[in-house]
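Novice: What follows is a predicted protein model with its sequence.
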Amino acid sequence: AQSVSQHNHHVILSEAASLELGCNYSYGGTVNLFWYVQYPGQHLQLLLKYFSGDPLVKGIKGFEAEFIKSKFSFNLRKPSVQWSDTAEYFCAVNGDNAGNMLTFGGGTRLMVKP
Amino acid sequence: DTGVSQNPRHKITKRGQNVTFRCDPISEHNRLYWYRQTLGQGPEFLTYFQNEAQLEKSRLLSDRFSAERPKGSFSTLEIQRTEQGDSAMYLCASSRSSKTSGRSDTQYFGPGTRLTVL
């Protein structure tokens, strides 16, 4: 079975601070990895995804994530956050033998202070 | 694409009543998914359709839950004899089958239907 753990439940940053949100997964095979974002009052939107190849993936709005296979991690980063990045962030995994089911982490709620 | 739409956006019902939700996927997406999200948690997979065939069902999907996608387009999720524990956000997502081996589909989510069972 696949599982995802997001250790930071709540993060508060000031504008221009750097961001790193942790995501660790558990699965024995090949994985596809995703980060979704949910802005206040809006639906889940895809930030970025990793399928294969370059482990450093760039997404929308200046976000990037690095897949480290040895650590089973897929941490999300942004060098300088903005107030508009205030949202909830979800990491998700789909394993190669898990059909098309996404397994999500519990989410990290980010608040950026202006 | 107009995006995934879901109706109603909110539903309040009394315990024991039946409710039905509808999801309209992005046009030409052949796959459709239902997830449930409770407060403070990430979405949990419930079931998945490819065209009109229901291919996967989670153990979370009790006998009171039934989903259909009769013509391979919109889908409905029905909950019979609702219980307070069914209160949650019900999310629908859709995707187009990936043609690349080893690549998951990218799932696009709708706004959800928030169910409150009193």
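Specialist: Sure thing, it's come through. Numbering: from 1, shown residues only, chains lettered A, B, ... in the order given.
Novice: May I have the predicted confidence score for the residue lying closest to B:Asn51 once chain neighbours are set aside?
Specialist: Leaving aside its chain neighbours, B:Asn51 sits nearest to B:Gly72 (4.0 Å; criterion: CB to CB, 6 or more residues apart in numbering or on different chains). Where C-beta positions appear, they are placed from N, C-alpha and C, glycine not excepted. Looking at B:Gly72, its pLDDT is 84.
Novice: Tell me who's in contact with B:Gly72.
Specialist: Shown in contact with B:Gly72 (CB atoms under 8 Å, 6 or more residues apart in numbering or on different chains): B:Asn30, B:Phe49, B:Asn51, B:Glu52.
Novice: Write down the beta-bridge partners of the residue of chain A found nearest chain B, one by one.
Specialist: Residue nearest to chain B within chain A: A:Phe104 (3.1 Å; CB to the nearest CB). Beta bridges link A:Phe104 to A:Ala92, judged by DSSP bridges.
Novice: Give me the contact list for the helix or strand harbouring A:Ala65.
Specialist: Under the criterion of DSSP states H and E, A:Ala65 resides in strand A:64-68. With contact meaning CB under 8 Å, 6+ apart, strand A:64-68 is reached by A:23, A:33, A:35, A:48, A:50, A:55-59, A:73-78.
Novice: follow-up on the earlier one: would you mind giving the secondary structure of the residue nearest to B:Asn51?
Specialist: Three-state assignment for B:Gly72 (DSSP: H, G, I helix; E, B strand; the rest coil): coil.
Novice: coming back round to it: distance of the residue of chain A closest to chain B relative to A:Leu33?
Specialist: Separation of A:Phe104 from A:Leu33 (CB to CB, to the nearest Å) stands at 11 Å.
Novice: Any chance you could list residues touching both of those two?
Specialist: Counting by CB under 8 Å, 6+ apart, the contacts common to A:Phe104 and A:Leu33 are A:Cys91, A:Ala92.
Novice: give the contact list for B:Thr2.
Specialist: Applying CB under 8 Å, 6+ apart, the residues contacting B:Thr2 are B:Ile26, B:Ser27.
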